[in-house]
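Student: Sharing a model that was predicted from the sequence below.
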Amino acid sequence: MEAPGPAWLKHAVFYQVYPQSFFDSNADGIGDLPGITAKLDYIRSLGCNVIWINPCFDSPFGDAGYDIRDFYRVAPRYGTNDDLKVLFAEAHRRGMRVVLDLVAGHTSIEHAWFQASASPLPNRFSNRYVWTDNAWRGPGEGLEGIRGYSDRDGQYVTNFFHFQPALNYGFAEPDPTKPWQLPTDHPDAVATREELLRILLHWFGQGADGFRVDMAFSLVKNDPAGTATAALWQEIRGRVEEQFPEAALLAEWSVPSKAIPAGFHVDFMIHFGTPAYTSLLRAEPERDVFGMASGEGHSYLSAQGKGDLNGFLRIFLEEHESIQGRGYISVPTGNHDICRIRHGRTVEELKVAYTLLFTLPCLPCIYYGDEIGMGQITNLASKEGGYGRTGARTPMQWDGGENAGFSSAPAEWLYLPIDPAENRPNVAVQGADPDSLLNFTRSLLALRQSRQALGPDAGFQPLSTGERGFPFVFLRVFGEEKCLIVVNPGEQPAETLMEEQFASPTLLLGQAARIKISHEKNQTRLQCEGLSFGIFSLQDQSFRRASEIPSVPANVQELTAQK
């Protein structure tokens, strides 16, 4: 069953652009929208056809643009509203889509709505944000309040940093002893919801193809089950589809089984929500992933071979099966909030990791620079609220010239410093090297787009997880087309014996000499050298009927049963 929603999503391969760090077109040291437009052909050459741009709206940039001052105006440092419309048009001319970032749960304290709301005199914006009714009483119930901002007698509730006041969509279960907690159907809560819809419709009308919604789960307060927030998004989606049926909504929720029924077409399974992403890509303690690693947790996708795939796989299977036919999951290579995937890994490790990430039944998403293996820059001073995340946001490395080709501005003007390493990767060098990570990424994505069996709607059947996932073997099926994927991310050899029988699998991408397939009676033995991967095509007669293959290997079934 195919997922409802925009038809273009089933072929989507996302490329996330952090605009201030991508390409500077006007030599002021900060990346901009014309710079993104200038690099559209490069992005398309990767095999990516959808660009997701971090917030580009007017902001004081206390939180890198996630503190919006005006939802209807492009931040001057990035260009103009017309520049954004040109980007839409040029992307569409190339058969590409553009997804913007929407901060739905809060604004900057400099937003005109909040300035009016902070007035001690009642006005139509007084309840646009969540305020208590006494400056000396906090909001309680896990909420954080700030007092003393203005002469209004109350504390405003924050949604993240202190300068990001929470917009008021109401409370799912208002406390009758706290009259400032409005129900979700209160006219002022409804007015906030209507303004959210107005913002979406405006930009869809200008040419945007979708929105990735920041902290999509955070809107309605005192909503532990997320039911009221889900109802809000279901209404928003329905009303958007009335005018823009091809518009897409993507969630930063990290729990697809909640986000997709709530009305989103895609959910990013990342560093919070479910622990699935961190169990897959978690770094060792000295390579912490945005504060998420703990104890002796290790990444499965590491040559050390100390990780365990099964924690990720169990959760992923549950989430995937719960949303089949209704929406999609994306497991990105990284994003602006987490440590670079390259940090502590070699290029060979990344090739194994990308083989797995891009052949799962997901929509692939590449964080800018991951296609060349940009590194995490350590010990950087925090920039715009980045703190430990700052080192994953440094300028794109285009060539070996001044400022790595990011900008012709003086180095001291740059948004963040360039990676100081002499051997830092760049696009120009890797583009000329057929064995580079860049060209491997291109080949892998081209193969994925050429095979329906590798797409998000194809069947996904794990066949063996070996010892803790070393190796991991799984099948992708679409009609009569079948692909077998084998990955061994550890540096030690690994093998597995399976009941399934293969005749003559054809290697599509990978290392033929490093994966040995042999037959023993009615079984198949796979012997994999360290850091090996292979994507194989299976002829129809070489494999049993897909319906006869268990969807989950026995050890994963046991893990699921124990949950």
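Tutor: Nice, thanks for sending it over. If you're wondering where the values come from, they're calculated on a predicted model, not measured in any experiment. Residues are numbered from 1 along each chain as shown.
Student: Poorly predicted segments of the stretch 401-550 of the chain, please.
Tutor: 539-550 (pLDDT under 70).
Student: ok, now which ones touch residue 193?
Tutor: 169, 232, 235-236 (C-beta atoms under 8 Å, 6 or more residues apart in numbering). Yep, even glycine has a C-beta here, placed from its N, CA and C like the rest.
Student: Looking at those, state which has the most neighbours.
Tutor: Within the contacts of residue 193, neighbour counts (other C-beta atoms under 10 Å) peak at residue 169, which reaches 26 neighbours.
Student: Quick check: closest non-adjacent residue to it.
Tutor: residue 219 (4.5 Å; C-beta to C-beta, 6 or more residues apart in numbering).
Student: count of residues packed around that neighbour?
Tutor: Residue 219: 29 neighbours (other C-beta under 10 Å).
Student: same thing with residue 343?
Tutor: Considering only other C-beta under 10 Å, residue 343 is surrounded by 20 other residues.
Student: how would you label it: helix, strand or coil?
Tutor: coil (DSSP: H, G, I helix; E, B strand; the rest coil).
Student: My guess is it contacts residue 375. True?
Tutor: Yes: Residue 343 lies in contact with residue 375 (C-beta atoms under 8 Å); the separation is 6.1 Å.
Student: re the thing from before, show the model's pLDDT score for the residue nearest to residue 169.
Tutor: pLDDT for residue 219: 97.
Student: And it, how close does it get to residue 401?
Tutor: 45 Å (C-beta to C-beta, to the nearest Å).
Student: re earlier: okay, the contacts of residue 193 in TSV with pLDDT next?
Tutor: Output for the contacts of residue 193, formatted as TSV (pLDDT from 0 to 100):
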residue	pLDDT
169	98
232	98
235	98
236	98
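Student: Tell me the one of those residues nearest residue 83?
Tutor: Nearest to residue 83 among the contacts of residue 193 is residue 236, at 27.1 Å by C-beta to C-beta.
Student: How far off centre is stretch 210-228?
Tutor: Relative to its chain's centre, stretch 210-228 lies at 16 Å (C-alpha atoms, centre = their mean, to the nearest Å).
Student: beta partners of residue 483?
Tutor: Per DSSP bridges, the residues bridged to residue 483 are residue 476, residue 537.
Student: ok, now which ones touch it?
Tutor: Per C-beta under 8 Å, 6+ apart, neighbours of residue 483: 359, 451, 453-454, 475-477, 508, 535-538.
Student: same question, residue 420
Tutor: Residue 420 makes contacts with residue 377, as judged by C-beta under 8 Å, 6+ apart.
Student: Helices of the chain, start to end?
Tutor: For the chain, the helices defined by DSSP state H cover 33-38, 40-46, 81-93, 112-117, 187-206, 227-243, 256-259, 276-281, 309-323, 347-357, 427-431, 437-450, 554-562.
Student: Which of these sits closest to residue 379?
Tutor: Closest among the helices of the chain, using C-beta to C-beta: helix 276-281, at 22.1 Å.
Student: Quick check: which ranges of the chain have low pLDDT?
Tutor: 1-3, 271-297, 539-563.
Student: domain parsing for it?
Tutor: The record's domain parsing of the chain by automatic domain parsing lists 7-108+189-449, 109-168, 459-562.
Student: how long is the longest one from one end to the other?
Tutor: End-to-end distance of domain 7-108+189-449 (C-alpha to C-alpha, to the nearest Å): 15 Å.
Student: And the shortest one, by the same measure?
Tutor: Distance between the two ends of domain 109-168: 14 Å, counting by C-alpha to C-alpha.
Student: Hmm, residue 211 is touching residue 100, no?
Tutor: Yes: using C-beta under 8 Å, residue 211 is in contact with residue 100, at 5.5 Å.
Student: For the helices of the chain, give me a markdown table that also has distance to residue 463.
Tutor: Converted to a markdown table, the helices of the chain look like this (distance: least, C-beta to C-beta, whole Å):
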| stretch | distance to residue 463 |
| --- | --- |
| helix 33-38 | 41 |
| helix 40-46 | 30 |
| helix 81-93 | 39 |
| helix 112-117 | 54 |
| helix 187-206 | 42 |
| helix 227-243 | 35 |
| helix 256-259 | 23 |
| helix 276-281 | 19 |
| helix 309-323 | 12 |
| helix 347-357 | 14 |
| helix 427-431 | 34 |
| helix 437-450 | 20 |
| helix 554-562 | 11 |
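Student: among the ones you listed, which is nearest residue 145?
Tutor: For residue 145, the closest of the helices of the chain is helix 112-117, at 14.1 Å, according to C-beta to C-beta.
Student: Now do the buried residues in the closest one.
Tutor: By neighbour count with 16 or more other C-beta atoms under 10 Å, helix 112-117 contains the buried residues 113-114, 117.
Student: how distant is stretch 242-261 from the center of its chain?
Tutor: Per C-alpha atoms, centre = their mean, the centroid offset for stretch 242-261 relative to its chain is 13 Å.
Student: Put the alpha carbons of that stretch into CSV.
Tutor: Backbone C-alpha positions of stretch 242-261 (Å, rounded to 0.1, in the frame of the first residue of the first chain) are rendered in CSV as follows:
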residue,chain,number,x,y,z
GLU,A,242,-7.8,21.8,0.3
GLN,A,243,-5.7,24.5,-1.4
PHE,A,244,-2.3,22.8,-1.8
PRO,A,245,-2.7,19.0,-2.2
GLU,A,246,0.9,18.5,-3.2
ALA,A,247,2.3,20.3,-0.1
ALA,A,248,4.2,18.2,2.4
LEU,A,249,4.5,18.4,6.2
LEU,A,250,7.5,16.9,7.8
ALA,A,251,7.8,16.5,11.6
GLU,A,252,10.6,16.9,14.1
TRP,A,253,8.9,14.5,16.4
SER,A,254,11.1,11.4,16.3
VAL,A,255,8.2,9.1,17.0
PRO,A,256,6.7,8.2,13.6
SER,A,257,3.9,6.2,15.2
LYS,A,258,2.7,9.4,16.7
ALA,A,259,3.7,11.9,14.1
ILE,A,260,2.2,10.2,11.0
PRO,A,261,-1.3,9.6,12.5
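Student: quick one: the strands in the stretch 101-250 of the chain?
Tutor: In the stretch 101-250 of the chain, the strands defined using DSSP state E, counting those that start in this stretch lie at 144-146, 156-158, 210-214, 248-251.
Student: Pairing partners for the third one, with directions?
Tutor: Each strand that strand 210-214 pairs with, and the sense of that pairing, follows from DSSP bridges: strand 97-103 (parallel), strand 248-251 (parallel).
Student: Quick one: residues in contact with that strand.
Tutor: 6, 50, 52, 55, 66, 97-105, 200, 203, 247-252, 264-265, 268.
Student: and the closest residue in space to residue 151 that isn't next to it in sequence, how far is that from residue 126?
Tutor: Nearest non-adjacent residue to residue 151, counting by C-beta to C-beta, 6+ apart: residue 120, 4.6 Å away. For residue 120, the distance to residue 126 (C-beta to C-beta) stands at 10 Å.
Student: More neighbours: which of these two?
Tutor: The neighbour count for residue 120 versus residue 126, taken as other C-beta under 10 Å, is higher for residue 126 (18 against 10).
Student: wait, isn't the more buried one in contact with residue 117?
Tutor: Yes: the pair residue 126 / residue 117 is scored as a contact, 5.8 Å apart, by C-beta under 8 Å.
Student: circling back to that earlier point, just the strands paired with strand 210-214: most buried one?
Tutor: strand 248-251 (a mean of 27; mean count of other C-beta atoms under 10 Å).
Student: Name the surrounding residues that touch that one.
Tutor: Contacts for strand 248-251 (C-beta under 8 Å, 6+ apart): 5-6, 8-9, 52, 97, 99, 209-213, 216-217, 233, 236-237, 240, 259, 262-268, 330.
Student: Show me which of those residues are buried.
Tutor: Judged by 16+ other C-beta under 10 Å, buried ones among the contacts of strand 248-251: 5-6, 8-9, 52, 97, 99, 209-213, 216-217, 233, 236-237, 240, 259, 262-268, 330.
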